[in-house]
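Q: when you get a sec, could you give me coordinates for this:
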Amino acid sequence: MDKLLSRLEKSLERCCVKAEFRLEDNERAGDFEWLEYRRVDASGVRLLGVFDATHMRTITAELWRPSQLTDTAQAPTKHAGIVHQQSWDYGCGADPQQVEREIVEAVSGWLRQRTSRTARSH
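A: Sure thing, here's the model as predicted:
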């Protein structure tokens, strides 16, 4: 499973570019790695984060809007600002290619939804 996040970065590139998300951050801190993509348009800032908690063998992806954090400042919720969130386990029995395909399929779907809504609103 080594380098799963590196493979995901390459696999997500096409759908992120198409949806006008730009890679802003690619970091590693101990047993935690992440990719962060950003899109800015007339509707505001959207962020896509892909996080690998290697010690837990789990990848989580989140699509969120920072502006919704301020919208809920009066009554914050646990998932304020999150539009989509999903986690995948890649334990010992997991097929790395299958996990990668599932993540790319889910994230691509989220980005297609966001892109089509933005295109209709113009």
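
Q: for Glu24, what are its contacts?
A: 36-38 (C-beta atoms under 8 Å, 6 or more residues apart in numbering). (Each C-beta comes from the backbone N, C-alpha and C, glycine too.)

Q: in its sheet, what does the helix or strand encompassing Ile59 sit against?
A: Assigned by DSSP states H and E, Ile59 falls within strand 58-64. When pairs are called by DSSP bridges, strand 58-64 turns out to pair with strand 44-53 (antiparallel), strand 82-89 (antiparallel).

Q: re earlier: so which of the contacts of Glu24 is the most crowded?
A: Per-residue neighbour counts (other C-beta atoms under 10 Å) across those peak at Tyr37, which has 25 neighbours.

Q: off-centre distance for whatever helix or strand it lives in?
A: Taking DSSP H and E as the criterion, the element that holds Tyr37 is strand 32-41. Chain-centre distance of strand 32-41: 7 Å, with C-alpha atoms, centre = their mean, to the nearest Å.

Q: partner strands of that strand, with direction?
A: strand 22-29 (antiparallel), strand 44-53 (antiparallel).

Q: low-confidence ranges, this protein, go.
A: Counting by pLDDT under 70, the chain shows low-confidence ranges at 1-2, 69-80, 114-122.

Q: let me see the contact set for Glu36.
A: Contacts of Glu36 by C-beta under 8 Å, 6+ apart are 23-26, 47-50.

Q: and the contacts of stretch 52-65?
A: 1, 4-5, 8, 31-34, 44-51, 81-91, 94, 99, 103, 106-107, 110-111, 114.

Q: give the buried subset of these as a ChimeraX selection command.
A: For the buried members of these, the matching ChimeraX selection, counting by 16 or more other C-beta atoms under 10 Å, is:
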select :1,4,5,8,33,34,46,47,48,49,50,51,81,83,84,88,90,99,103,107,110,111,114
